[in-house]
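**Q** I'll drop the sequence and a predicted model, then ask my questions.
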Amino acid sequence: MSFLSVEKIEVRYGDALALFNVSLEVEQGEIVSLVGANVAGKSTTLKAISGLLKPKSGQILFAGKRLNEIPAYAIVDLGIIQIPEGRQLFPYMTTLENLELGSYTPEARKKAADSIHRVFELFPILLERKMQLAGTLSGGEQQMLAMGRGLMAIPKLLMLDEPSLGLAPILVKLIFEAVAKINQAGTTILLVEQDVKKSLALAQRGYVMENGKIALQGKAKELLANEHLKKAYLGI
């Protein structure tokens, strides 16, 4: 059984169908990329896994446990952490205070000191900025802080929603390097990205979403060589 298994879920916003028959799997220790254009359903898929949206049909399993009826806060307790698009920091709190809020679960609170040390090792600039208000950080620093706050929860599965959005190329490179390091340290990652080439280059496997459905799936290198994907997303 896969670490995360999404099985034929349907999700609606009111009467509007957002996801139809979506299935995907993530094995423990992998980076899996979920790519596609805007409004393809990528963020909706993450919200369904996080419990922020409930599927009308199908099921979601994590380490063999069905998530469909579990509230979002309890899904966090299981070790699924989503870093949302747009970062959603507390701008009038300091960098350190934002990080401390990531230690939400009892287990995470016990290990908060070690987790903060790990975050500062991964993102040294946050140590320099620890007493600075989050709202005054640069875009790249805010993204690092959002990722750091997620790590404070000691995730078993870390889901990142558009971590490179709006960042300069040099900062995008730093963010993707950090994602690789987080995975190498043992955290399983589901990565949602519009940057198809960079995302699939980082991942072992990938899924391509179009219009609320999975259009393509496979090993990341094979997807990068797919003619439809190259024409539709890479401009080749």
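**A** Now that the structure is in, tell me what you want to look at. Keep in mind it's a predicted model, so treat the numbers as computed, not measured.
**Q** just the buried residues of stretch 163-174, please?
**A** By neighbour count on 16 or more other C-beta atoms under 10 Å, the buried set for stretch 163-174 is 163-164, 167, 171-172, 174. Where C-beta positions appear, they are placed from N, C-alpha and C, glycine not excepted.
**Q** ends of it, what's the gap?
**A** 11 Å (C-alpha to C-alpha, to the nearest Å).
**Q** over to stretch 94-114?
**A** 19 Å.
**Q** quick check: A72 vs D195, distance?
**A** 27 Å (C-beta to C-beta, to the nearest Å).
**Q** actually I80, sorry about that
**A** Taken as C-beta to C-beta, the span from I80 to D195 is 23 Å.
**Q** now swap in E177 and tell me
**A** Using C-beta to C-beta, E177 is found at 14 Å from D195.
**Q** and the strands in the chain?
**A** Remark: strands assigned in the chain by DSSP state E are 4-13, 16-26, 31-36, 57-62, 65-66, 80-83, 157-161, 188-193, 205-210, 213-219.
**Q** CSV for those strands, including distance to A146 and mean pLDDT?
**A** Converted to CSV, the strands of the chain look like this (distance: least, C-beta to C-beta, whole Å; pLDDT from 0 to 100):
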stretch, distance to A146, mean pLDDT
strand 4-13, 21, 96
strand 16-26, 21, 95
strand 31-36, 18, 94
strand 57-62, 22, 96
strand 65-66, 26, 95
strand 80-83, 5, 95
strand 157-161, 9, 96
strand 188-193, 14, 95
strand 205-210, 23, 94
strand 213-219, 27, 93
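**Q** of these, which is nearest E100?
**A** Among these, strand 80-83 comes nearest to E100, with 15.3 Å by C-beta to C-beta.
**Q** now do the helices in the protein.
**A** Remark: helices assigned in the chain by DSSP state H are 42-50, 72-78, 95-101, 106-110, 112-122, 124-128, 139-151, 169-184, 196-202, 220-224, 227-233.
**Q** on that earlier part again, who has more neighbours out of E177 and D195?
**A** The residue with more neighbours, out of E177 and D195, is D195; 18 against 12, by other C-beta atoms under 10 Å.
**Q** and the gap between the more buried one and A108?
**A** Distance, D195 to A108, using C-beta to C-beta: 30 Å.
**Q** without its sequence neighbours, what residue ends up closest to L174?
**A** Nearest residue to L174, sequence neighbours excluded (C-beta to C-beta, 6 or more residues apart in numbering): G140, at 7.0 Å.
**Q** repeat for G206
**A** S33 (4.2 Å).
**Q** other residues contacting the worst-scoring helix or strand of the chain on mean pLDDT?
**A** Ranking every helix and strand in the chain by mean pLDDT, DSSP states H and E puts helix 227-233 at the bottom, with a mean of 78. Here helix 227-233 makes contact (C-beta atoms under 8 Å, 6 or more residues apart in numbering) with 35-37, 196, 208, 215-216, 223-224, 236.
**Q** now do the residue nearest to L174 against I75, distance only.
**A** To I75, G140 is 29 Å away according to C-beta to C-beta.
**Q** burial count for E100?
**A** For E100, the neighbour count with other C-beta under 10 Å is 17.
**Q** try A220
**A** A220 - counted by other C-beta under 10 Å - has 19 other residues nearby.
**Q** what's near enough to touch it?
**A** A220 touches 33, 200-206, counting by C-beta under 8 Å, 6+ apart.
**Q** swap the cut-off to 6 Å and go again
**A** Shown in contact with A220 (C-beta atoms under 6 Å, 6 or more residues apart in numbering): 200, 203, 205-206.
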